[in-house]
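> sequence and predicted structure below; questions after.
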Amino acid sequence: MSLEDTGTQKKVMSPSLIAKLEQPKPKKNNLTPSFVMAMQRVQNVPELADMLAARGELGMERYGMYLQPDNGRDPFIDALQEGLDMITYLSQATTEILMKGGNQEDIDKIEKAIYMVADITMFLLEKVQEDDSNCG
């Protein structure tokens, strides 16, 4: 994919490079932790809010800080890479269900989830490439 800018073509980072891109370690700041904002978005689903809180605390235990906005990392790249991982994990789950003679309804739901995550991941790729072209 290339974008035009007043008649000249800008180079856009390739998807395979984005998939392997290493980002800097996050920088701590005084902004509200991201998991708190995420919990507010899913407050009507207590199980999700509880799991988000647990993941936030795990981040504090592992990294000595919470994930926060404006931390020096590109959240679209992080989310894109996590989307790729989720597609991989769900594909693994499908294979393991098939190997164990599992039920087709579960496989169908997982396949649907894979396509949903794939759509989101492609949106994120577009955002990353758009941001990259605006920097170059």
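Yep, it's here.

> which residues touch Val117?
83, 86-87, 90 (C-beta atoms under 8 Å, 6 or more residues apart in numbering). Any C-beta I mention is one placed from the backbone N, CA and C, and that applies to glycine too.

> let me know the helix or strand that it is in.
According to DSSP states H and E, Val117 maps onto helix 104-135.

> list the buried residues of that helix.
Within helix 104-135, the residues scored as buried using 16 or more other C-beta atoms under 10 Å are 110, 114, 117, 121, 124-125, 127-129, 132-133.

> what's the helix or strand for the spatially most central residue of the chain?
Closest residue to the average C-alpha location of the chain: Ala79 at 1.8 Å, with C-alpha atoms, centre = their mean. According to DSSP H and E, Ala79 maps onto helix 75-99.

> average pLDDT for that helix?
Helix 75-99 shows a mean pLDDT of 97.

> could you say what helices and strands it packs with?
Here helix 75-99 touches helix 15-20, helix 104-135, going by 3 or more C-beta pairs under 8 Å, 6 or more residues apart in numbering; DSSP states H and E.

> that helix vs helix 104-135, what angle?
With axes from the mean of the first three to the mean of the last three C-alpha atoms, to 10 degrees as the basis, helix 75-99 and helix 104-135 are set at 160 degrees to each other.

> walk me through the domains of this structure.
1-23+74-136, 26-72 (automatic domain parsing).

> ok, the residue lying closest to Val12 once chain neighbours are set aside to Thr121 distance?
Spatial nearest neighbour of Val12, chain neighbours left out: Gln129 (4.6 Å); criterion: C-beta to C-beta, 6 or more residues apart in numbering. Distance of Gln129 to Thr121, given as C-beta to C-beta, to the nearest Å: 13 Å.
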